[in-house]
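In: After the sequence you'll find the predicted model.
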Amino acid sequence: MTQHLSVKISDELDTRIRAAAGDNRSQWVVEAIEDRLERDMWARSKEVDRLLGLDDAWLAEERKAVDEVQRAAR
């Protein structure tokens, strides 16, 4: 699905976008938005992990438990 977005931006921002994006400003803006959304999701994911206590030590314990179960199943 394609959506169109019309936004007014300052001349300064337009100049900066043109300098960064070259001829394909729309694609550059879309990619910048996607990058921002991915960073925001990653940050939220890390915060949820922290709140749940899912850290490197927890992950190591989980891997160890999986390894033990797999060895026992052989």
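Out: That came in fine, so what should we check first? Since the structure is predicted, the reported quantities are computational estimates derived from the model, not experimental observations.

In: from here on, contacts and neighbour counts on C-alpha atoms
Out: OK.

In: ranges for the helices of the protein?
Out: Taking DSSP state H as the criterion, the chain contains helices spanning 11-21, 25-52, 56-73.

In: Is it possible to get TSV of those helices that adds mean neighbour count, mean pLDDT and distance to residue 2?
Out: Listed next are those as TSV, based on neighbours: other Cα atoms under 10 Å; pLDDT from 0 to 100; distance: least, Cα to Cα, whole Å:
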stretch	mean neighbour count	mean pLDDT	distance to residue 2
helix 11-21	12	92	21
helix 25-52	12	95	12
helix 56-73	11	96	40
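
In: Of all these, which one is nearest residue 3?
Out: helix 25-52 (11.2 Å; Cα to Cα).

In: just checking, what packs against that closest one?
Out: Helices and strands touching helix 25-52, by 3 or more Cα pairs under 8 Å, 6 or more residues apart in numbering; DSSP states H and E, are helix 11-21.

In: Can you tell me what sits against the helix it packs on?
Out: With contacts defined as Cα atoms under 8 Å, 6 or more residues apart in numbering, helix 11-21 is touched by 25, 28.

In: Pull the distance from stretch 54-69 to the chain's centre.
Out: 25 Å (Cα atoms, centre = their mean, to the nearest Å).
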